[in-house]
Every structure is written in C-alpha cells, then in structure tokens.
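[1] return a 3D structure for these sequence lines:
(2 chains)
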Amino acid sequence: MKRWALPLLVLAGLIGLWQVAASTGTLADVLNLEPILVPSPAEIASSLWEDRSLLAEDAWVTLREILLGFLIGLAAGLGFAVLLRLSPTLRRAFYPLLVASQAVPILVLAPILVVWFGFGIGPKLVIVALICFFPIAVATADGLRSVDPDAIKMMRSIDASRLQLLWRLEAPNALPFVFSGARIAVTFAPIAAIFGEWAGAESGLGVLIREDSAHLETARLFAATVVLAAIALALYGLLALAERRVVTWR
Amino acid sequence: MFSAHGLSHAYRELVAIERIDLEVPAHGVLGVVGPSGCGKSTLLELVAGLLQPSGGRVEVGGADDVAGRLARCALMPQRDTLLPWLSAIDNAALALRNRGVRRGAARAEAGRLFERFGLAGFERTRPAELSGGMRQRVAFLRTLVAGKPVLALDEPFASLDAISRAEMQGWLAAALASDPRTVLLVTHDVEEALYLCDRVTVLSARPARVVEELSAPAPRAPDRDAAVTDPEFVAARERAMAALHEGSR
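    This is a model prediction of the structure:
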C-alpha cells in the first residue's frame, strides 16, 4: 500500500488543481477557450454517473473488441513464435520481417479494413489482433530462443524429443517473455479498438467519443476516456496478477 | 564400455581435441583433467552423443553413431541446469517423464533415490531454495535416473566451496558404490580426479592431447581425508600436476 500512497497523492492533487482551475474559469482563460469546453472533474464525475447506462453499453462493445482481439492476437503470436522456433528456415525467412513490421503504423490500416470487412466487429478484431500479435510474437520468439544451451544438451541427453524440449524447457523459459509482450499488447489494444471504431462503427466508446466531440459534450467525452483508461488499467492489472500466479520462480 | 580411437574434433578452423585414445571398462571411472578451455567439455559431448567427431572413432557400448551413444550415455553439464519452475523431485524425474512415465510413478521412482541419497524432505523444494551441494545432488540424481550405463560428468562440483566439494566427493563415491556405473568425469581438480576415479588422463592445452595416464592408488576409499594424504596419493598428485604443467606449455 505504501508505494501507492505517493502516486495517489499526486493524482489527487492534480485532480484538485484541475477542479479549482476549471470551476473558477482559470483553465478556460489560460487555454483561451469557452468554459463549456473545459469540464471540471466534478462535471466529469457527474456525467459518469448520469450517463452510466450509455457508457456501460458502449464500454461493453469496446471491451469485447479488446478482449477477443487480444485473445486472437495472443493465440496467433504464440503459434507463430513456436513455428519459428521449430523451423530454422521459417525463422530465417520471417523473423527479420516480424521485427521490421513493428515499425509499420498498423493503426492507419483501420479505414481499409472497414472497407474490406464492413462495419461489424470484424475489422476491429483484425486491427486489435494485429496490434497485439507483433509484440507477443517477437517477445515469445526471443523467449523461446533464450534457453541455456547447457540445459538443451542436458534435456537431449536424457532423451527429450523435440516437442518435449519445447514443452518442458523452452515454453516455461519463455513465459516471462510472453507476459512482457502481452503487457505491451494489452496497453495498445484499447487504442487499436478506438481507431477501429473511428474508421466505422455504430457503437463503442470510440463512437461515443467522436459524437461527443462533434456535439461539444466534453464532460461525457472525458467520462468515456476515463472508462477506457479504467479498462486498460484493469487489463494490465489482471495480466500482472496472472504473471505473478504463473511465473512463480522469479 | 566406452572407447575412443584417434578421436579428433574441430570447430571450423579451431582444433579442440586431437587424436585421443581412451578405453574404459564397464563400471570403470575415468577422470580427465586438463587446463581450462582445453576441450574437455568437447570430449564429453562427443562421448555423450551430442556431437559427431570430425575424425577418429568414439564408441559407447558398441555404438558409434550419435543416436546409439545418446541412448547409452547421460550428460551432467557443468552448471546444474535444474529447471527453476520444477520442484526438486520433478527435476530429478525429468528423464522418466521424457520416457512417458506418468508423473505419479516418476515421482515415486525418483523419490526412492531421494531417500537413499540424503535428500528426503526436499522433494517439493524449488531449486532456488536448495544449497549448492543439494542442487548438484539433484542434478546428479536426474542423470542417474535416466538409467543409462554411462555417465558423463562435466566438472560436477566446480561451483562449490572447498568444504562442500570434499563432502560431495565422498557422497559421489558412496553413490557410485551403491549404484555402479561407467563414468567419464571431467574436472580441473587433480585431487578430485585421483580420489574419485580408477584412472586419470591428463590432457594438454588446446588442441587437447593425452600427456599422461595414471592409475589412482585408492579409488573412492571410504575415508577420504586419509586417502588424499596417503604418500602414494600425494606422489600421484605430484606426477599429475607435473604433467599438467608440461601440457600447459
């Protein structure tokens, strides 16, 4: 608890400052904006309460896109990394591309994916899965390779088959890497879902944020952002918890 | 049980070992000492079937192919290489699990050795919580449990302090007395080799060549302290040291 006290205090202080600056109009003056465009934390909180059913509905849509997309990206990333480990030829062919592809701004593909797959959940899943796939695949591939060569010799010497080597030695050894890749993925997944929704969707927090922006519903826009941040933090926390339960030897 | 004739190995241009001849009967224990980096580990991997020699012949139990040697020889690498996510007993039982034995049966079989070798009570302990000596014992049991006639041990006690090392040498001597195997023991510790082995081969600096072969005066004598201070033992150690010095030049 102690190590959280200070950051929480800083956060409370910032929110307090914001509250004072927004309610006295100072913040709007400084930013040279209409006061209606600069909601105070209290207004955001009241929007969170009053619009709770709308926010919950849209949050559920976005959360589903994030979770399903993440799971697809995770499965594909793990599978691909294992394939690269089992086949040196595939590794030579694909690993450099995999690393280089991290530099591609995949999010800008969102509009074309909507053209290809329509307005349903499909293009959002594709974009979230793609965003999650690369960090997980690269981290897992590196983890599978980082095995102590002496441990491989030991396992071969006590009759481990290739699959046993993978299952008993390389895969557990790669787990901390998988988790660090998954943590990166889960941080970017909400952004990917929002981009997917912006490119074309009927519901979701991204849709709500865009509509609120157009209609100057700034309090609810911030409320939607708070919900999105809460989702991202919760997923990150769940992953950290899972890592602590699974990787018990570190 | 295993032999090498004119055995050579090179990694590209780098010649690691050159024309080595060895001959070890069943249940014989051969020690190999040599300066650091002389190719001792390469020799072990050749015998254990983890490498194919670039020249000469190496045979274990009549097999000179990789698969045949792998099937007859288990390697214990220099560092214990215990898997940190498995308990001590599951580490020791790895060979059985690889052979398809169910977890319960594998644990029961490895567990019997835990009792015999002074590890009872530590079955469920993770490697990180074991002392250096205990880790080496678990690693040795893992090698033993593989059930192969030949054991290739790579500096098994190099990471231990002097007192634990002396203790573990006594422990290994007792373990081999109760469960005899043919052993190739690589070490840089001349005293360890002369105490634990029937015969000791001294190798030169790289490329490794045999510079001296000695018979140990009292292999695995029950009283280790008395054995290593015996004048005959001391003389053998001096001969081995002289050969090491000569080979290092």
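
[2] spell out which parts of chain A neighbour chain B.
    Within reach of chain B by C-beta under 8 Å from any C-beta of the partner chain, chain A has these residues: A:148, A:150-151, A:153-161, A:164, A:168-169, A:172, A:248-250. C-beta: built from backbone N, CA, C; applies to glycine.

[3] show me which of those residues are buried.
    Taking 16 or more other C-beta atoms under 10 Å in any protein chain shown as the criterion, what is buried in those is A:150-151, A:153-160, A:164, A:168-169, A:172.

[4] okay, and which of those residues map to helices?
    Judged by DSSP state H, those include A:150-151, A:153-157, A:164, A:172 as members of helices.

[5] turn those residues into JSON lines, including pLDDT.
    Listed next are these as JSON lines, based on pLDDT from 0 to 100:
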{"residue": "A:Asp150", "pLDDT": "94"}
{"residue": "A:Ala151", "pLDDT": "96"}
{"residue": "A:Lys153", "pLDDT": "95"}
{"residue": "A:Met154", "pLDDT": "96"}
{"residue": "A:Met155", "pLDDT": "96"}
{"residue": "A:Arg156", "pLDDT": "95"}
{"residue": "A:Ser157", "pLDDT": "95"}
{"residue": "A:Gln164", "pLDDT": "96"}
{"residue": "A:Pro172", "pLDDT": "97"}
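
[6] which of those residues sits closest to B:Leu184?
    A:Ser157 (12.6 Å; C-beta to C-beta).

[7] am I right that the closest one is in contact with B:Leu70?
    Yes: using C-beta atoms under 8 Å, A:Ser157 is in contact with B:Leu70, at 6.7 Å.

[8] which SSE is residue 3 in?
    I went with chain A, as the question did not name one. If you go by DSSP states H and E, A:Arg3 is part of helix A:2-23.

[9] actually chain B
    B:Ser3 is part of strand B:2-11 when elements are defined by DSSP H and E.

[10] list of residues touching that strand?
    B:15-24, B:39, B:42-43, B:46-47, B:51, B:53-61, B:73, B:150, B:182, B:184 (C-beta atoms under 8 Å, 6 or more residues apart in numbering or on different chains).

[11] buried only: go through the residues you listed for me.
    Buried among the contacts of strand B:2-11 (16+ other C-beta under 10 Å): B:15-18, B:20, B:22, B:24, B:39, B:42-43, B:46-47, B:51, B:53, B:56, B:58-61, B:73, B:150, B:182, B:184.

[12] intersect those with the contacts of chain A.
    B:Cys73.

[13] close to chain A: what parts of chain B are there?
    Residues of chain B lying near chain A by C-beta under 8 Å from any C-beta: B:45, B:48-50, B:70-71, B:73-79, B:81, B:83-85, B:94-95, B:97-99, B:126, B:128, B:142-143, B:146, B:152.

[14] where exactly do the helices run in chain B?
    Going by DSSP H, chain B shows helices at B:40-47, B:66-72, B:88-92, B:94-98, B:103-116, B:132-145, B:162-178, B:190-196, B:224-229, B:231-248.

[15] what does chain A give?
    Under DSSP H, chain A gives helices at A:2-23, A:26-31, A:41-50, A:52-86, A:88-101, A:110-117, A:122-145, A:149-157, A:162-164, A:171-198, A:205-214, A:218-246.

[16] got the CA positions of stretch A:119-131 in CSV?
    In CSV, the C-alpha atoms belonging to stretch A:119-131 read as follows (Å, rounded to 0.1, in the frame of the first residue of the first chain):
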residue,chain,number,x,y,z
PHE,A,119,-18.9,-2.1,-40.1
GLY,A,120,-19.3,-5.1,-37.8
ILE,A,121,-16.9,-6.4,-35.1
GLY,A,122,-14.7,-8.0,-37.8
PRO,A,123,-12.4,-5.1,-38.7
LYS,A,124,-12.0,-4.1,-35.0
LEU,A,125,-10.9,-7.6,-34.1
VAL,A,126,-8.5,-7.6,-37.0
ILE,A,127,-6.9,-4.3,-36.0
VAL,A,128,-6.7,-5.2,-32.3
ALA,A,129,-5.4,-8.7,-33.1
LEU,A,130,-2.7,-7.2,-35.4
ILE,A,131,-1.6,-4.7,-32.8
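
[17] residues making contact with it?
    Residues contacting stretch A:119-131 (C-beta under 8 Å, 6+ apart): A:64-66, A:68-70, A:72-73, A:76, A:106-107, A:109-110, A:113-114, A:116-117, A:185, A:188-189, A:191-193, A:195-197, A:199-202, A:204.

[18] give me every residue that touches A:Phe70.
    So A:Phe70 contacts A:128-129, A:132, A:182, A:185-186, A:189, A:235 (C-beta under 8 Å, 6+ apart).

[19] what is the neighbour count of residue 117?
    Went with chain A since none was named. Counted with other C-beta atoms under 10 Å in any protein chain shown, residues neighbouring A:Phe117 total 17.

[20] other chain: chain B
    As a measure of burial, B:Phe117 has 20 neighbours, counting by other C-beta under 10 Å.

[21] OK, contacts around it?
    Neighbouring residues of B:Phe117 by C-beta under 8 Å, 6+ apart: B:137, B:141, B:171, B:175.

[22] so what pLDDT did it get?
    For B:Phe117, the pLDDT comes out at 82.
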